[in-house]
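S.K.: Take this sequence and fold it.
(chains A and B)
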Amino acid sequence: ETGVTQSPTHLIKTRGQQVTLRCSSQSGHNTVSWYQQALGQGPQFIFQYYREEENGRGNFPPRFSGLQFPNYSSELNVNALELDDSALYLCASSRRTSGSVETQYFGPGTRLLVL
Amino acid sequence: AQSVTQLGSHVSVSEGALVLLRCNYSSSVPPYLFWYVQYPNQGLQLLLKYTSAATLVKGINGFEAEFKKSETSFHLTKPSAHMSDAAEYFCAVSDRNDYKLSFGAGTTVTVRA
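M.R.: Next up is the predicted model:
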């Protein structure tokens, strides 16, 4: 069974640029969530995708957007990068079924540095 | 809205000693509670979860946690620390209608030889 994978592992961008981060969910999982973890802090929820639609969003501006594809993989796009966007971006996948607890399994993350 | 507070940003223990990491939650509905561990330069690994079955939950690597509704707590323990337990530990909460996880600020564990 393949776990959650993310690409790239590291990325350096300059302020104002755009970035796309990718995530492949664990086999059998149909839901993907994205989190931002700033240095020394806990992860913060960005948004979640289920059945290719956004299903919940945290306190992040619209320049943070995403996609989920039919194979349940996902992308996180960030436009007009700011210095404060420098962080570890974590993707988590889970299997949503009615009446059961949804446990999220995390990938290794993409570390983004904005200069 | 649900939230968690982790008491103590750093915990230092001797190898073989008890590990105790504290987590208190705030939730308007019965919560789901989780403990995750993060090793340097890695993602989060699930240690254990509480889903309203048994209040004492056993996880991987010898860790366990007890859900105490009266104290709104979900503290993580391990009877005997090992050098490999040095890592960052996060407590997280979600409710039954909102699948997002809300994380605490984390507790860094160092283990002294």
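
S.K.: The helix or strand of chain A with the lowest mean pLDDT: partners in the sheet, and parallel or antiparallel?
M.R.: When each helix and strand of chain A is scored by mean pLDDT, DSSP states H and E, strand A:53-57 comes last, with a mean of 91. Sheet pairing for strand A:53-57, assigned by DSSP bridges, gives strand A:44-50 (antiparallel).

S.K.: Check the offset of the partner strand from the chain's centre.
M.R.: Offset of strand A:44-50 from its chain centre (C-alpha atoms, centre = their mean, to the nearest Å): 7 Å.

S.K.: Check stretch B:96-107 too.
M.R.: On the basis of C-alpha atoms, centre = their mean, stretch B:96-107 sits 11 Å off its chain's mean C-alpha point.

S.K.: and what of stretch B:81-94?
M.R.: Chain-centre distance of stretch B:81-94: 7 Å, with C-alpha atoms, centre = their mean.

S.K.: now do stretch A:70-78
M.R.: From the chain centre to the centre of stretch A:70-78 is a distance of 8 Å (C-alpha atoms, centre = their mean).

S.K.: In it, which residues are buried?
M.R.: For stretch A:70-78, the neighbour count (16 or more other C-beta atoms under 10 Å in any protein chain shown) marks A:Tyr72, A:Ser73, A:Ser74, A:Glu75, A:Leu76, A:Val78 as buried. All C-beta atoms are positioned from the backbone trio N, CA, C, and that covers glycine.

S.K.: How about residue 17, nearest residue that isn't a chain neighbour?
M.R.: I'll assume chain A. Counting by C-beta to C-beta, 6 or more residues apart in numbering or on different chains, A:Gln17 lies nearest to A:Leu81, which is 5.2 Å off, once chain neighbours are set aside.

S.K.: That was the other one, I meant chain B.
M.R.: B:Ala17's closest residue in space is B:Ala81 (C-beta to C-beta, 6+ apart), at 5.4 Å.

S.K.: element containing the one you found, please.
M.R.: Following DSSP states H and E, there is no helix or strand that holds B:Ala81.

S.K.: cool, and the one 10 residues further on?
M.R.: Element membership of B:Cys91, judged by DSSP H and E, is strand B:87-95.

S.K.: so what's the nearest residue to A:Ala92 once chain neighbours are set aside up against?
M.R.: Spatial nearest neighbour of A:Ala92, excluding adjacent residues (C-beta to C-beta, 6+ apart): A:Gln104 at 3.9 Å. A:Gln104 makes contacts with A:Ser33, A:Ala92, A:Ser93, A:Ser94, B:Leu46, B:Leu101, as judged by C-beta atoms under 8 Å, 6 or more residues apart in numbering or on different chains.

S.K.: and these as CSV, adding distance to A:Thr20 and secondary structure?
M.R.: Formatted as CSV, the contacts of A:Gln104 follow (distance: C-beta to C-beta, whole Å; DSSP: H, G, I helix; E, B strand; the rest coil):
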residue, distance to A:Thr20, secondary structure
A:Ser33, 17, strand
A:Ala92, 18, strand
A:Ser93, 18, strand
A:Ser94, 22, strand
B:Leu46, 27, strand
B:Leu101, 23, strand
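
S.K.: Dihedrals phi and psi, B:Gly62?
M.R.: Reported as degrees, to the nearest 10, the phi and psi values for B:Gly62 are phi 80, psi 10.
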